[in-house]
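K.L.:
Okay, here's the prediction I keep looking at, along with the sequence it came from:
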2 protein chains.
Amino acid sequence: MRSTPARQGSLREHNLGIVLREVLEAAATGAPPPSRADVASATGLARATVSALVDRLVASGLVAELEPVPTLRAGRPAVPLAAPSGTLAAVGAEVNVDYLGVRIVDLARSVLVERVVHGDHRGSDPATVLAELGALVDDAVGALPGHGADVPDARPVRLAGASLALPGLVDRTAGTLLLAPNLGWREVDVAGLLARSSSVLREHPPLLANEADLAARAEADLRRADGPPSFVYVSGEIGIGGAIVLDGQIFGGRHGWAGELGHTLVADGRTLEQVAGQDAMLRAAGLDRQAGVEPLLRAARAGEPDALAALVAAATALGAALANVVNVVDVGHVVLGGTYARLAEHLRAPVLTALSARVLAAPWVQPTVDVARGGDVAAMTGGALAVLGQVVADPSSWLVEPETVAVR
Amino acid sequence: MRSTPARQGSLREHNLGIVLREVLEAAATGAPPPSRADVASATGLARATVSALVDRLVASGLVAELEPVPTLRAGRPAVPLAAPSGTLAAVGAEVNVDYLGVRIVDLARSVLVERVVHGDHRGSDPATVLAELGALVDDAVGALPGHGADVPDARPVRLAGASLALPGLVDRTAGTLLLAPNLGWREVDVAGLLARSSSVLREHPPLLANEADLAARAEADLRRADGPPSFVYVSGEIGIGGAIVLDGQIFGGRHGWAGELGHTLVADGRTLEQVAGQDAMLRAAGLDRQAGVEPLLRAARAGEPDALAALVAAATALGAALANVVNVVDVGHVVLGGTYARLAEHLRAPVLTALSARVLAAPWVQPTVDVARGGDVAAMTGGALAVLGQVVADPSSWLVEPETVAVR
DNA sequence: CGAGATTTGTTGTATGGATGAACTTATCCC
DNA sequence: GGGATAAGTTCATCCATACAACAAATCTCG
């Protein structure tokens, strides 16, 4: 009845998750691969317990044992544990305004396969574009060992699932895209259309999510070295997407629609997108909106007044809108992604100024403005990581031969 | 090292919490008091397990056994379980602009003691006001059995802790108030000052929180009958406070400062408080700001154009600001509290109009605007409930004679 | 009015997973 | 080569829950 189901022997699953996370986290934060004993002391579990759990994880390909490295100390050398490559992977697909693509990432965060096709999808036909994406996904998966690729001596890769990043509002339970203004799509049965052209996505119904949310997830992953990060991610593209990360987790809200700030009203009654969107910045700088952002960056670096003024105006509006977000969700760190990352050298200072002036708590916790470290296709990576995160959250369902080993 | 500590036999604590919550929740949502068997089937735990856990909770005064009621069905009559009165209680104190007070609430949500003193605290001296509050708290606690009150045959009430609601930004770890514009207080060592005049608060350092957050908590408690509620709570007073409730839990953010929307910029460059705050509304209606909100309500009901225009202007600005919040946190339900609740008949429609127009997801999830059900001193109740909530979250530390019973 | 039905609550016994203390293995140091 | 040291494993034990049988308390029907 309540949200908390009762547990019994499911305590094992919990500890399994703790151990797995400990190993993967160490790998992701750049810490040296821990041994079973390290995991035991870090988690507080007994060495015997950790050993048993690790053995099951290794047998299922969720954890890899590395070669013992010659240690400097006395004692039996430890077996380093790390994230395994090529055992379990997830598909991260994306449809965006100017490209579509797929990335397949494994637990070690290695990109096993990547396919990106550029093209202008404004006002495109959903069925056509999604058919193309479905074929691309199947093609990418076909390159994996065990899924059609003739790779001798390679163990087959298990697929954990798939995700799809979209630049708009999705209904993740129905698998539909409700609204993507910049694609010109509305109420599209994305999952259904993809299932037609892709046997992979038919078998693994994709997790639909907003592009900014998934890009923020990838960004959070890159920042874990300094501890669980919390920040507001702004993804500047043709539209403006946003996402909120709390302690390393995406805060999606009830339906996954949180972080929408492109439609915030700014001081003069227009929406943020109308002031700080890519087209608006280019127009204000007197540039062609088809040209993209590079000419703007060149002009600003050359010191052209119109370009600089356009950037400052956009940044000031962006800062004011972000100040509202910071005041509402109490997360003082901002990360500029997408186009904004490219323009960060000119945006950062005015955004920070606006934040400091308008955030009520600024005197006690100084806001920061940082530049995204994720690449161009961060959302694809983030989507794959989101799927892998589900595995890590509940590893027990991904164990092979759960009890067969115990039969003597 | 990680945020998730390892558990072992602490599975028992978890189930203890599940059982306790099941009993208290049923009582709070108006469901009939469940029996041990009901709890077992609702949680999925075995009857024997539930029985053992309930016995310990009853022995510690965290659950009460009611008299068996004559049932209609065959079978042994069930022992109804309910929240106990007068065994464990929490102190909810509040300093606000026009009053200060204390409420002591027990697990059954009965108000055991209440003290409220009205007075204007704008620009007051923190030390003086807090000394008065401290004395008030000690006086209120002194009226409880076992703490000075001579109540024969009454078992002593255990105090779970205390909380303090403040109309501003608090540092809950340091126990200080950072900023309360409408009190004119800044960087006040609230916990330290209270400890001087109150032995109760010296023993139970109060949990500091924003007034709107705690009022929202009380509101969430009242709305649990329909399932875990999610809403944005706006508390209109001299200032404007806000809080976000997600699945019945207050979303406080990193430092508990989330929900701050009084300083949102609205269309004409002013902050929301300057447009929709109580003083602003009264001024726009041509009324004296000292008179309070009642004259405004009377004028609006009489159909005076200035009053109606003032309310519509405030509501429109409020709606636009709330639309930003709804877009950012994806919670489409708004609850009007404080002064706004009193004026709701005039505010509701224009707020809803503004929300529907500006919330991106409105076509799919229609926003709603509701009126707060909590009373005038909702924050005091909410504060006490917050403290009791900590007990419910971890009941094991509140069990009496944890293992002594097991000694034969 | 009594026997069976029915449901609640309790009392065992069994089981699964974690624990901690040995024990084995593998290295370094002298 | 022997002792020290640390990693990993084996094994007896413990603890909370599950399951089944039982006792208790009521209703129903003949």
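P.N.:
Sure thing, it's come through.
K.L.:
Looking at the stretch 51-200 of chain A, what residue ends up closest to DNA strand D?
P.N.:
The minimum distance from the stretch 51-200 of chain A to DNA strand D, using CB to the nearest atom of the strand, falls at A:Gly75 (2.2 Å). In short, each C-beta sits where N, CA and C put it, glycine included.
K.L.:
mind checking pLDDT for that residue?
P.N.:
Looking at A:Gly75, its pLDDT stands at 84.
K.L.:
Where does it sit: helix, strand or coil?
P.N.:
What DSSP: H, G, I helix; E, B strand; the rest coil gives for A:Gly75 is coil.
K.L.:
Give me the phi and psi angles of it.
P.N.:
Listed backbone geometry of A:Gly75 is phi 100, psi 160, with angles given as degrees, to the nearest 10.
K.L.:
ok, so what distance separates it from A:Thr43?
P.N.:
Per CB to CB, to the nearest Å, A:Gly75 is found 21 Å from A:Thr43.
K.L.:
Show me which of these two is the more surrounded one.
P.N.:
Higher neighbour count among A:Gly75 and A:Thr43: A:Thr43, with 21 against 7, using other CB atoms under 10 Å in any protein chain shown.
K.L.:
quick one: that one and A:Arg21 touch, right?
P.N.:
No: counting by CB atoms under 8 Å, A:Thr43 sits too far from A:Arg21 to count as a contact (9.2 Å).
K.L.:
Would you mind splitting chain A into its domains for me?
P.N.:
Domain assignment of chain A by automatic domain parsing yields the ranges A:10-70, A:88-214+A:378-394, A:224-371.
K.L.:
Any chance of a markdown table for those domains, columns distance to B:Leu57 and mean pLDDT?
P.N.:
Listed next are the domains of chain A as a markdown table, based on distance: least, CB to CB, whole Å; pLDDT from 0 to 100:
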| stretch | distance to B:Leu57 | mean pLDDT |
| --- | --- | --- |
| domain A:10-70 | 21 | 92 |
| domain A:88-214+A:378-394 | 30 | 94 |
| domain A:224-371 | 32 | 93 |
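K.L.:
all strands of the stretch 51-200 of chain A, in order?
P.N.:
A:64-65, A:81-82, A:88-95, A:99-106, A:111-118, A:158-166, A:169-171, A:176-180, A:185-188 (DSSP state E, counting those that start in this stretch).
K.L.:
Any chance of JSON lines for these, columns distance to A:Arg358?
P.N.:
Converted to JSON lines, these look like this (distance: least, CB to CB, whole Å):
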{"stretch": "strand A:64-65", "distance to A:Arg358": "48"}
{"stretch": "strand A:81-82", "distance to A:Arg358": "45"}
{"stretch": "strand A:88-95", "distance to A:Arg358": "33"}
{"stretch": "strand A:99-106", "distance to A:Arg358": "35"}
{"stretch": "strand A:111-118", "distance to A:Arg358": "38"}
{"stretch": "strand A:158-166", "distance to A:Arg358": "31"}
{"stretch": "strand A:169-171", "distance to A:Arg358": "27"}
{"stretch": "strand A:176-180", "distance to A:Arg358": "29"}
{"stretch": "strand A:185-188", "distance to A:Arg358": "34"}
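K.L.:
which of those sits most buried?
P.N.:
The highest mean neighbour count among those, using mean count of other CB atoms under 10 Å in any protein chain shown, belongs to strand A:88-95: a mean of 28.
K.L.:
Centre of the chain to that strand, how far?
P.N.:
Offset of strand A:88-95 from its chain centre (CA atoms, centre = their mean, to the nearest Å): 11 Å.
K.L.:
Stretch A:269-286 now?
P.N.:
How far stretch A:269-286 lies from its chain's middle: 27 Å, per CA atoms, centre = their mean.
K.L.:
And for stretch A:131-147?
P.N.:
Here stretch A:131-147 is found 21 Å from its chain centre; the criterion is CA atoms, centre = their mean.
K.L.:
Tell me the buried residues in that stretch?
P.N.:
Applying a neighbour-count criterion of 16 or more other CB atoms under 10 Å in any protein chain shown, one finds A:131-134, A:136-138, A:140-141, A:144-145, A:147 buried in stretch A:131-147.
K.L.:
Stretch A:227-242 too?
P.N.:
The neighbour-count check on stretch A:227-242 (16+ other CB under 10 Å) flags A:229-242 as buried.
K.L.:
Could you dump the residues you listed into a markdown table with secondary structure and distance to B:Pro32 added?
P.N.:
Converted to a markdown table, these look like this (DSSP: H, G, I helix; E, B strand; the rest coil; distance: CB to CB, whole Å):
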| residue | secondary structure | distance to B:Pro32 |
| --- | --- | --- |
| A:Pro229 | coil | 46 |
| A:Ser230 | coil | 43 |
| A:Phe231 | strand | 47 |
| A:Val232 | strand | 46 |
| A:Tyr233 | strand | 47 |
| A:Val234 | strand | 50 |
| A:Ser235 | strand | 50 |
| A:Gly236 | strand | 55 |
| A:Glu237 | coil | 54 |
| A:Ile238 | coil | 56 |
| A:Gly239 | coil | 52 |
| A:Ile240 | strand | 51 |
| A:Gly241 | strand | 48 |
| A:Gly242 | strand | 46 |
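K.L.:
what does the stretch 1-150 of chain A put close to DNA strand D?
P.N.:
Counting by CB under 7 Å from any atom of the strand, the stretch 1-150 of chain A comes close to DNA strand D at A:6, A:8, A:35-38, A:47-48, A:51-52, A:55, A:73-79.
K.L.:
Mind doing that once more with 6 Å?
P.N.:
A:8, A:35-37, A:47-48, A:51, A:73-76, A:78-79 (CB under 6 Å from any atom of the strand).
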